[in-house]
Every structure is written in C-alpha cells, then in structure tokens.
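**Student:** I'll drop the sequence and a predicted model, then ask my questions.
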Amino acid sequence: MAENHDDHIARWLSGEINDEELKEKIGNQNLLKYQQIIQEIDRWTPDNQPLDLKSEDITAPAKVVRFNRWSYISIAATVVITMFVGLWLINNRETSHYADLGTTKEIILPDGVSKVVLASNAEVSWKESDWSEEHRNIKLTGKAYFEVNPGSPFTVNTNSGSVQVLGTSFVVDEFSESLSVKCYEGKVRATGTNKKQRIINGGEAYLFHGESWEEKQLLNSSMPSWISDETSFENAPLKQVFRSLKDLYGVEIMEGSVNISRRFTGTIPNDNLEIALQLVFKPLKIDYEVKGQKVYLKD
C-alpha cells in the first residue's frame, strides 16, 4: 500500500523539515513537483486596485469573524485540493518535439542522459508523469534513433506496437500499421499490435508487417545511415519507402494500380528527390511522373 505523504508535506510547509529530509520521505520526483507548485504560488501577484471606502464603512462598528474548527478544516482542505490540482496539471502537462521536413533533431530526454534523434517529419512526446524512478515512457510518430541510459524500464509507444529496454541503442520506425526495429547495442523487446513479441539483440533487426513478425535480419553498420546524409533499406516494404520519401521531401506517392507488394533494397540520398526516385523505381521497373508535390506511379 502506498505511504501517506500528507504529514511529511505539512511539516515541510511549516519549516519543520528541509528539502533533503522531505526527499528521503517522498522521493526526488515528488519533491520536485511540490517545489514547482510552491514556485507557482510565489509568482502569484495580488490585485492591487485601490479600495473605494465610504465614510460609513469606516465609522461602522467592526465585525468580529469567529473561526471555528470547521473553518480551519475547510481552509486546510482548500489548500490541499489546490496543491493536488496543481500536481495533477504538472503530471499531465505534455512536452513534444518535432523534426521539420528534410532535417533531423537531437533531444536530451528528461533523465538528463538518454537521447533521441528524430528522423525527418518524426515527433516524440511525453507527460511529466511518464518519467519517474519506476518507468520512462515516450510516444513516437515516425522514425527515431534512441540511446538509452541504464535505469528504469524505457518504453517507446507507437500506433503499430511498442519497444521496451533497460539501456541500449536502437531505431524504431512505425509506418502503415507496421513496425521496424533495429537494435545496435544491448537488447530490446518489441511488441506488435497483435501482442506477439520478439527479443532483438544488438546487431539484429525485425519487421512487424501484415500482422506478423518477419524473419530476423542482421545489421551491417553500427549506426543508422539516415542520421548523416542517406537512408538505407534492406528488403523493405514499398510502404516503408514511400513513408520515408514523404518524410524527407514532403511528396505523396500516388500508387494507382501499380503492385506495391514488392520489396526494395538500396540507399537513397536525403537531399535530392530526383535521384532518390530514380534509385527506388528504376530497379523495380516502375514508371513515375512528378507533378508538384505528388508522384504518380504508372504500370
């Protein structure tokens, strides 16, 4: 059963114990939250508008307001409720980061050590309550490379599944209800939308596609290529390639009646759409036409 912290907090507010003593009682994360609430209260500025007093109000006999026990309880309850509402708002405040088209973005995560590098058009977000001494949770849309410092369980949640680690480096790429996971160091556990899991060791990659995990692939590099100036694919579904083209260049692939069940292996540049399209579609013998921000495929 969780310990009741009310007495410790009350003693801290009255000055009977200091920050370090309260930290020992309720933990560092909770201490930081209560300190932030106090800082918000300290920044509150009262209304200093002049009072409009009438002479009869000044000469009238003073009214004596008597506080009984229930008045004090009511005031105390109001303070407690205000603190917990403030704490709830802090816990549910969301932070998000987005990488613009054609760029990557590196972010240091709330534990101060782990980091994420977002691929073009990718986004990560989390709430204050997602980071504690018991867990670290993050939500991802698109593709990102993670370097996670050992500590509490670290979980990447996507619309296509989740990946959990303790400390490692890996890439997660979610697209069209599919999930690509590449582990460069350590070990991760990946879970698809059908709850089926794969343990992925350093130097391995798995693809969750069509509601199932495909055969293991071996990595031939120690870092993802897209962090520099190119993006590599190994037996990748065309849906994944199309998503990368959209994220890099902002183009939409119009499939038409072309069979897109084929796979692509190769490398494309991150800064030249014309060359990228040639490298993808010529080996597959797919004709295409570019009109504005749309690429029309033809049989």
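**Tutor:** Arrived safely, thanks for sending. Residues are numbered from 1 along each chain as shown.

**Student:** and Asn194, how many neighbours does it have?
**Tutor:** 11 (other C-beta atoms under 10 Å). Placement of C-beta: from N, CA and C, glycine included.

**Student:** dump the residue contacts of it.
**Tutor:** 211-212 (C-beta atoms under 8 Å, 6 or more residues apart in numbering).

**Student:** and it, how far is that from Trp213?
**Tutor:** Going from Asn194 to Trp213 by C-beta to C-beta, to the nearest Å gives 9 Å.

**Student:** With Ser114 instead?
**Tutor:** 26 Å.

**Student:** Then Lys182?
**Tutor:** The value you get for Lys182 to Trp213, if C-beta to C-beta is used, is 14 Å.

**Student:** Nearest to the spatial middle of the chain, which residue is it?
**Tutor:** By C-alpha atoms, centre = their mean, the chain has its centre lying nearest to Ser125, at 2.8 Å.

**Student:** Could I get the full set of strands for the stretch 1-150 of the chain?
**Tutor:** 94-98, 105-108, 115-118, 123-127, 136-141, 143-148 (DSSP state E, counting those that start in this stretch).

**Student:** for the record, mean pLDDT for the second one?
**Tutor:** For strand 105-108, mean pLDDT is 96.

**Student:** Give me the helices and strands touching it, please.
**Tutor:** strand 94-98, strand 115-118 (3 or more C-beta pairs under 8 Å, 6 or more residues apart in numbering; DSSP states H and E).

**Student:** same thing but 10 Å
**Tutor:** With contacts defined as 3 or more C-beta pairs under 10 Å, 6 or more residues apart in numbering; DSSP states H and E, the packing partners of strand 105-108 are strand 94-98, strand 115-118, strand 123-127, strand 143-148.

**Student:** related to what we said a few turns ago, contacting residues around the residue nearest to the centre of the chain?
**Tutor:** 94-98, 138-141, 157 (C-beta atoms under 10 Å, 6 or more residues apart in numbering).

**Student:** what's the closest of these to Asp19?
**Tutor:** Nearest to Asp19, judged by C-beta to C-beta, of those is Thr95 at 24.5 Å.

**Student:** thinking again about what came up before, report the set of residues contacting both of Lys182 and Trp213.
**Tutor:** Joint contacts of Lys182 and Trp213 (C-beta under 10 Å, 6+ apart) are 200, 206-207.

**Student:** Dump the residues you listed to JSON lines, plus pLDDT and neighbour count.
**Tutor:** Output for the shared contacts of Lys182 and Trp213, formatted as JSON lines (pLDDT from 0 to 100; neighbours: other C-beta atoms under 10 Å):
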{"residue": "Ile200", "pLDDT": "96", "neighbour count": "23"}
{"residue": "Tyr206", "pLDDT": "97", "neighbour count": "21"}
{"residue": "Leu207", "pLDDT": "97", "neighbour count": "24"}
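
**Student:** from those residues, which is closest to Ile9?
**Tutor:** Distance to Ile9, by C-beta to C-beta, is smallest for Ile200 among the shared contacts of Lys182 and Trp213, at 43.3 Å.

**Student:** Return the set of residues that bridge with the closest one.
**Tutor:** Val188 (DSSP bridges).
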